[in-house]
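Trainee: model the structure of this input:
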Amino acid sequence: MLAIVDYSMGNLRSVQKAFELLGVEAKIIQSAADIRRADKLILPGVGAFADAIALLESSGQADAIKDFINTQRPMLGICLGMQLLMEKGYEDGEHVGLGILPGDCIRFTVDHPPANLKVPHMGWNSVQPREQCSLFKDVAPGTHYYFVHSYFVRPKDARQIAATSDYGGEFTAAICKDNVMAVQFHPEKSQTAGRVILKNFAAL
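Mentor: Model prediction:
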C-alpha cells in the first residue's frame, strides 16, 4: 500500500490525484497503525512547522513515521513534509522536528537588499540533481518544478543533498538518504516533470 499521511496540513487530494494519473493507487491514512502497515509512505504538507509537529506528536503519527523509516521502507517528504524531517525549524521561534535527518530549516532572507526577491519563493524554478538518487531517474539537469515556500532545509551532511535550486543563492531542493527521500518542490503540481518523480518513487 502506498499511503499519504493525513495530519490535517496537506494538499492530500492533489497528491493522491497525481498518483491516480499514473495508474497508482494511493490511500490517504490517519492512524498510527496504518502508517506502520504501509509499504511506501508520503508525508506532504502545507503550513507552519510548529503546528505540523504538534499535530504529528499529539496523534502518535510522529512515532509511527519514525518506526516506519526504521524498517527501511521508502518514504517521501514533500515541501513542509521535507522540512519536518530535520532536527529543528525556525519558523516563529525554535521548534524540534522529527529528527530523522541532521540539520535545520531556516527562512529565506532574499527579501532584503541587495537581492530584493520576494518571500515566499513561489513559482517554477530549475532543479539541478547533484548526486545519484532514484527519484531523479530520467530527469534532465535544469528541469523546472513548482515551488511554494518561505523556508528551506540545511542538512548537516552535504552528501544527503540530492538536488539544488537557486533563489538568491543555492538551496537544497531534494534529499536522499537510504530509504528517506524528500523534495522541497511540489511534484503533484509540476505537471509531467513532477509525475516522473512520483512514478520513480512508486516504482521503488
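
Trainee: partner residues bridging the residue most central in space within the chain?
Mentor: Centroid-nearest residue in the chain: residue 78, 2.5 Å away (criterion: C-alpha atoms, centre = their mean). Here residue 78 sits in beta bridges with residue 183, going by DSSP bridges.

Trainee: can I assume it is in contact with residue 42?
Mentor: Yes: using C-beta atoms under 8 Å, residue 78 is in contact with residue 42, at 6.7 Å. To be clear about C-beta, it is placed using only N, CA and C from the backbone, and glycine gets the same treatment.

Trainee: what sits in contact with each of those two?
Mentor: Both residue 78 and residue 42 are in contact with residue 15, where contact means C-beta atoms under 8 Å, 6 or more residues apart in numbering.

Trainee: give me the low-pLDDT residue ranges for this protein?
Mentor: Along the chain, segments meeting pLDDT under 70 span 112-115.

Trainee: hmm, try it at 90
Mentor: 8-11, 45-47, 92, 109-117, 130-132 (pLDDT under 90).

Trainee: which stretches of it form helices?
Mentor: Applying DSSP state H to the chain gives helices spanning 12-21, 32-37, 49-59, 61-70, 80-83, 191-202.

Trainee: not counting its own residues, what contacts the second one?
Mentor: Read it as helix 32-37. Residues contacting helix 32-37 (C-beta under 8 Å, 6+ apart): 1, 3, 5, 29, 41, 59-61, 63-65, 67-68.

Trainee: these, buried ones only, as a ChimeraX selection?
Mentor: To isolate the buried members of the contacts of helix 32-37 in ChimeraX, using 16 or more other C-beta atoms under 10 Å:
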select :3,5,29,41,59,61,64,65,68
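
Trainee: that's all I had, so thanks and see you.
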